[in-house]
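Student: Prediction below, plus the sequence it came from.
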Amino acid sequence: MRRLFVAAMLATATLVTAPTGSPVASAEEGCPDVEVVFARGTFEPPGVGGIGQAFVDELRAQPQLAGKSVDVYAVNYPASLQFSTAADGVIDASNRVRDMATRCPDTKMVLGGYSQGAAVAGYVTADKIPDGYIPPDGITGPMAPEIAKHVSAVALFGKPSNGFLNTIDRSVPPITVGSLYAAKTIDQCIPEDPICSPTGGNNGAHQAYAFDGMTAQAAAFAADKIVAGMATAPKTTSAS
């Protein structure tokens with residue numbers, strides 16, 4: 001019961017109502033200026049979820065990105081109480097990032113996630129597979145270092161703490177943002193949120209990222225990183 005209760009706390013995103021905005025877009029027909037690759041929280045329906053949509057809406061509203069196209073890729077994974085299936089999200093998100101880096105090398109990517117989705121995004125940035133951890137089929141190692149230059153920012157909301165993960169499954173590895181991504185990562189945790197904060201005790205805080213300014217703060221952070229990357233990156237030719 002304890003394990004189920006703790007895991008169910010990751011499902012509070014189902015209660016979130018976020019500002020409405022543009023629907024999830026597809027970049028398959030072309031290469032956008034920016035693509036957000038976002039993993040939703042537990043039990044949220046397919047898509048980017050409430051926190052994810054709030055973040056995307058805020059990012060699109062940033063004045064630095066006026067006139068820039070911002071597309072969205074919703075990470076495809078179960079987002080269920082079976083936390084081990086987060087590996088499906090890691091595989092899908094990393095495959096998308098690799099594909100975009102090859103097919104649309106001038107597109108600036110933002111990797112993000114909420115709750116269990118923040119764990120997915122965090123694992124995608126890893127420098128290595130943790131010692132002693134046997135990854136599931138489909139995960140053979142970290143993304144190549146050169147992929148990191150295509151990811152302008154990483155935005156994490158309510159990322160499960162290592163202590164919280166241990167209450168779910170002690171075989172789950174800790175979430176450590178890789179060294180190539182750390183400086184461009186914003187890791188948002190409301191102090192009262194028990195999922196990400198060891199001292200948190202307010203379950204409702206886990207739902208508040210769309211309302212307390214943290215999605216807006218993360219969007220401004222990501223926009224600044226995107227613009228900086230656009231200013232310094234040479235234009236390349238997509239592989240045929």
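Tutor: Done, it's in.
Student: In contact with Ala223, which residues?
Tutor: By CB atoms under 8 Å, 6 or more residues apart in numbering, Ala223 lies in contact with Leu59, Gln62, Gln64, Leu65. Quick note: C-beta positions are derived from backbone N, CA and C, even for glycine.
Student: cutoff 10 Å now
Tutor: Neighbouring residues of Ala223 by CB atoms under 10 Å, 6 or more residues apart in numbering: 34, 58-65, 68, 70, 110, 152-153.
Student: Are we agreed that it is in a helix?
Tutor: Yes: counting by DSSP: H, G, I helix; E, B strand; the rest coil, Ala223 is found in a helix.
Student: Ser84 and Ile195, how far apart?
Tutor: Plainly put, Ser84 is 18 Å away from Ile195 if you go by CB to CB, to the nearest Å.
Student: which residues of this protein fall in strands?
Tutor: Under the criterion DSSP state E, the chain contains strands at 34-39, 70-74, 108-114, 151-157, 185-188.
Student: Tell me which of the ones you listed is the most buried.
Tutor: Among these, strand 108-114 has the highest mean neighbour count (mean count of other CB atoms under 10 Å), at a mean of 30.
Student: Show me what it pairs with in its sheet, parallel or antiparallel.
Tutor: strand 34-39 (parallel), strand 151-157 (parallel) (DSSP bridges).
Student: got TSV for the strands of the chain, with distance to Ala219 and mean pLDDT too?
Tutor: Formatted as TSV, the strands of the chain follow (distance: least, CB to CB, whole Å; pLDDT from 0 to 100):
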stretch	distance to Ala219	mean pLDDT
strand 34-39	10	98
strand 70-74	10	98
strand 108-114	9	98
strand 151-157	8	98
strand 185-188	10	98
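Student: And those strands: which comes nearest Asp88?
Tutor: Set against Asp88 and scored by CB to CB, those come closest in strand 34-39, at 10.3 Å.
Student: roughly how far out does that closest one sit from the chain middle?
Tutor: For strand 34-39, the separation from the chain centroid amounts to 8 Å (computed by CA atoms, centre = their mean, to the nearest Å).
Student: Alpha carbons only: can I get that strand in CSV?
Tutor: C-alpha atoms of strand 34-39 as CSV (Å, rounded to 0.1, in the frame of the first residue of the first chain):
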residue,chain,number,x,y,z
VAL,A,34,12.9,25.4,-31.9
GLU,A,35,11.5,22.1,-30.8
VAL,A,36,10.4,21.2,-27.3
VAL,A,37,10.8,17.5,-26.5
PHE,A,38,8.6,17.1,-23.3
ALA,A,39,7.7,14.1,-21.2
